[in-house]
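In: my questions are about this predicted structure, shown below with the sequence.
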Amino acid sequence: MITAIVEFNLPRDCRREDIVAVFRQSIPRYQEKPGLVRKYYLLDEASGTAGAVYLWENLAAAESTYDEAWRQSFIERYGADPTVSYFDTPVIVDNLTGETIAENGER
């Protein structure tokens with residue numbers, strides 16, 4: 001699996017309720033997205049930074065999402081150019097389900 005971390009700077013006058021509303025508006029874009037396992041929205045009001053952590057089935061699914069059309073749409077929504085970092089995710093511990101998932105499919 002692949003973890004992608006997207007980060008961006010918020011406008012100085014951005015209020016929490018405004019960014020949370022924009023986050024909520026984006027939910028339908030990611031529901032039933034091919035290859036997307038999970039998405040966490042992130043907000044650090046103190047530093048003026050926001051973003052998301054995505055867990056993808058594979059790199060191809062992740063990279064197919066973060067194309068130029070996505071980047072332009074992102075800039076229109078948030079007024080900021082995002083950075084995207086990818087990480088191989090060889091082991092996952094899920095305390096909600098009690099599962100541990102390894103890259104070889106071992107549980």
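Out: Nice, thanks for sending it over.
In: residue ranges in the protein under the pLDDT threshold?
Out: 104-107 (pLDDT under 70).
In: which stretches in it count as strands?
Out: For the chain, the strands defined by DSSP state E occupy 2-9, 36-44, 49-56, 83-88, 91-94, 99-102.
In: just give me the neighbour total for residue 103.
Out: 11 (other CB atoms under 10 Å). In short, each C-beta sits where N, CA and C put it, glycine included.
In: again with residue 100
Out: Residues near residue 100, counting by other CB under 10 Å: 12.
In: pretty sure it sits against residue 90.
Out: No: taking contacts as CB atoms under 8 Å, residue 100 lies outside contact range of residue 90: 11.4 Å.
In: what is in contact with these two at once?
Out: Residues touching both residue 100 and residue 90 (CB atoms under 8 Å, 6 or more residues apart in numbering): none.
In: any idea which helix is longest in the protein?
Out: Longest helix in the chain, counting residues (DSSP state H): helix 16-30.
In: chain center to that helix, what's the gap?
Out: 12 Å (CA atoms, centre = their mean, to the nearest Å).
In: list the buried residues for that helix?
Out: 19, 23 (16 or more other CB atoms under 10 Å).
In: now swap in stretch 68-81 and tell me
Out: 74, 78, 80.
In: ok, and what's touching it?
Out: Contacts of stretch 68-81 (CB under 8 Å, 6+ apart): 8-11, 22, 26, 50, 82.
In: mind giving me the PyMOL command for buried ones among those?
Out: Paste this into PyMOL to select the buried members of these, with burial taken from 16+ other CB under 10 Å:
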select buried, resi 8+9+10+50+82
